[in-house]
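K.L.:
Let me see the structure of the following:
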Amino acid sequence: TYKKMREKSSDAKDLAVLSRNIPGLEMFLIDKDMRVRCKLGHETFIQRWHNESGDDGRFFSYFSPETQTIIEPLLRVAFQQTPVSSEFSINNNSFSIRIFPYKNERDEDLYAVILQNITETKIVENTLKRLKKEAEEANKAKDDFVARMSHEIRTPLNAVIGFAEQLKGTRLTRKQTDYVDVVNNSARHLLSIVDDILVLSKIEAGVIELDDTPFTVNNVFEEIDSLLEMRYTKKGLNLYCKTDLQDGYTLLGDAEKLRQVLINLVNNAIKYTKEGEIRLDGKLVWENKSTAGVCFEVTDTGIGIAPGELKEIFQPFRQVNNRFHHNHSGCGLGLTISKDLVESMGGELTVKSTPGKGSTFSFTLEFKKTDDSVSQSKMVLKQAGSIMPGSLRILFVDDDPVNLLLGKVILKKFRIRADFAESGEQALAFF
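P.N.:
Just a heads-up that it's a prediction; the model follows:
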């Protein structure tokens, strides 16, 4: 008996320590007749709901009438041997209340009522919600701004590139041709940076959507080789594209984003490779009746990456090998975008590198297999290529006067008959 009394005394001391050290905490132990068997804490007194010295031993004597109406239905639930909890607000203060039924050693039904002032917690919680909402609104405003600005910048840049191409087709001196090339290349470089920033903004906003279209790895590799041939041949490099998937092995996935990732990786390899070769491989690593896993690798014989810098290369606006920076243009977004796009497609972009020998970037993606043919689109392109320009009549619509002028110059050059409109309303007038 003495041992049990000591244990109860110890429990009471522990509860007293809790009530003194947890802000706003008050605990009651009551019976079904609403008599208070034990009480720890002073929150009800602090709230001036009762007189501390005028306690008559009844549970509700500790609460204001308004508070009683809130607690009474909770007690009815607890008296059915069901734990219950709730939150309520009175006089600009917030409280939580929890009621737990249990039996003591004498098999009596008792109820532990724990009341806590959570006003400060609620203030912090509401502040965090407000800040989160403001951050989301600011992020959306940033995304909208980036989208609008990228459009506003891209429109005049396209005009600069277009007219530079037209100017290059006229009689120019060698020096003038060099100047035009500088203008053209600089504008294209700036345009690629704008596009990268727009893609990164979409990724950060979580608005990247995947499109499932039939494609073959061979077709993707052919398009990449055709697009980048001028760049790697200009540096005296070779690009070898190889896949063990047959030309008719058709997959279903986002070919456009796959192409963008591989172009970024091959471009990066070209940038940091002075001599040697670049390899683009697509290997079938597993398959079943409905899906296939394909591992893509881009390997170069470039300058390589030091082990301590491998973790940094996927960070936005970061470039390793800073001592070579003056020889390599770019804003350091290509690898960041590639990594995020690969992850959005369910893969992981990894890198292995040896300084002075080269690097290998690789990732594996799962695609659905399909019997749909991609040859129809090729046939349409071939048919379009066989159409004589003189037999075409085009309706050219653009609300930008510079682009409208560029369209007129290009179409006149190819002797294509065309009608021009500055708005949708003017365009409809031709029908």
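K.L.:
And T233, how close does it get to F361?
P.N.:
Separation of T233 from F361 (C-beta to C-beta, to the nearest Å): 22 Å. For every residue, glycine as well, the C-beta is placed using N, CA and C.
K.L.:
Please apply the same query to I305.
P.N.:
10 Å.
K.L.:
which residues do the two both contact?
P.N.:
Counting by C-beta atoms under 8 Å, 6 or more residues apart in numbering, the shared contacts of I305 and F361 are V351.
K.L.:
Who has more neighbours out of the two?
P.N.:
Comparing I305 with F361 by other C-beta atoms under 10 Å, the one with more neighbours is F361, at 26 against 20.
K.L.:
can you give me phi and psi for that one?
P.N.:
The phi/psi pair for F361 (degrees, to the nearest 10) reads phi -100, psi 140.
K.L.:
Where does the prediction get shaky in this structure?
P.N.:
1-23, 45, 47-56, 316-332, 373-390 (pLDDT under 70).
K.L.:
same thing but at 50, please
P.N.:
Scanning the chain with the threshold set as pLDDT under 50 gives 1-11, 53-54, 322-326, 328, 377, 379-381.
K.L.:
what are the ranges of the strands in it?
P.N.:
Secondary structure of the chain (DSSP state E): strands at 25-31, 36-40, 84-90, 93-103, 109-117, 213-215, 238-243, 251-253, 277-287, 291-300, 350-354, 358-369, 393-397, 417-421.
K.L.:
Single out the most deeply packed of those strands.
P.N.:
strand 251-253 (a mean of 22; mean count of other C-beta atoms under 10 Å).
K.L.:
Excluding covalently adjacent residues, which one is nearest to V113?
P.N.:
F28 (4.2 Å; C-beta to C-beta, 6 or more residues apart in numbering).
K.L.:
try R259
P.N.:
In space, R259 is closest to V220, 5.4 Å off (C-beta to C-beta, 6+ apart).
K.L.:
got the contact list for that neighbour?
P.N.:
By C-beta under 8 Å, 6+ apart, the contact set of V220 is A255, L258, R259, L262.
K.L.:
can you check D181 too?
P.N.:
Here D181 is in contact with K168 (C-beta under 8 Å, 6+ apart).
K.L.:
So it versus T173, what's the distance?
P.N.:
Using C-beta to C-beta, D181 is found at 13 Å from T173.
K.L.:
ok, now which ones touch L191?
P.N.:
Shown in contact with L191 (C-beta under 8 Å, 6+ apart): R154, L157, N158, I161.
K.L.:
Of all pairs in those residues, which one is the farthest apart?
P.N.:
Checked with C-beta to C-beta, the contacts of L191 reach their widest spread between R154 and I161, with 10.2 Å between them.
K.L.:
between those two, who's got more neighbours?
P.N.:
In this view R154 and I161 are compared by other C-beta under 10 Å, and I161 has more residues nearby, 19 against 15.
K.L.:
how about that one, what does it touch?
P.N.:
Counting by C-beta under 8 Å, 6+ apart, the residues that I161 touches are N184, A187, R188, L191.
K.L.:
any idea how far E223 is from N104?
P.N.:
79 Å.
K.L.:
okay, the two: which has more neighbours?
P.N.:
Comparing E223 with N104 by other C-beta under 10 Å, the one with more neighbours is E223, at 15 against 12.
K.L.:
pretty sure the more buried one contacts E256?
P.N.:
No: counting by C-beta atoms under 8 Å, E223 does not reach E256; the two are 10.4 Å apart.
K.L.:
wait, C241 sits on L280?
P.N.:
Yes: in this structure, C241 is within contact of L280 by C-beta under 8 Å, at 4.6 Å.
K.L.:
Can you name the residues bridging to L110?
P.N.:
Note on L110: beta-bridge partners by DSSP bridges are D31, Y102.
K.L.:
check contacts around it.
P.N.:
Contacts of L110 (C-beta under 8 Å, 6+ apart): L29, I30, D31, R37, P101, Y102, K103, N104.
K.L.:
Touching, the second one and S61? I think so.
P.N.:
So the one you mean is I30. No: using C-beta under 8 Å, I30 is not in contact with S61, being 11.5 Å away.
K.L.:
L29 - nearest residue in space that isn't next to it in sequence?
P.N.:
Of all residues not flanking L29 in the chain, C38 sits nearest, at 4.0 Å (C-beta to C-beta, 6+ apart).
K.L.:
That neighbour contacts G57, doesn't it?
P.N.:
No: contact criterion C-beta under 8 Å: C38 and G57 do not qualify, at 11.3 Å.
K.L.:
So what touches stretch 223-231?
P.N.:
The contact list for stretch 223-231 (C-beta under 8 Å, 6+ apart) reads L239, C241, R259, L262, I263, V266, N267, I270, L280.
K.L.:
Which strand residues bridge the first one?
P.N.:
Each beta-bridge partner of L239 is listed here, defined by DSSP bridges: I278.
K.L.:
gap between it and D300?
P.N.:
In this view, L239 and D300 are 10 Å apart by C-beta to C-beta.
K.L.:
who touches both of these two?
P.N.:
Common neighbours of L239 and D300 are listed as E277, I278, R279 (criterion: C-beta under 8 Å, 6+ apart).
K.L.:
who touches stretch 252-262?
P.N.:
199, 208, 210-215, 219-220, 223-224, 280, 296, 298, 337-338, 341-342, 344-345, 349, 363, 365, 367-370, 372.
K.L.:
switch to 7 Å and redo it
P.N.:
Defining contact as C-beta atoms under 7 Å, 6 or more residues apart in numbering, one finds that stretch 252-262 is touched by 210-215, 220, 223-224, 280, 296, 298, 338, 341-342, 345, 367-368, 370.
K.L.:
just stretch 298-317 next, same as before
P.N.:
For stretch 298-317, the surrounding residues in contact (C-beta under 7 Å, 6+ apart) are 200, 262, 265-266, 269, 272-273, 276-280, 318, 320-321, 324, 331-333, 335-336, 339, 351, 353-361.
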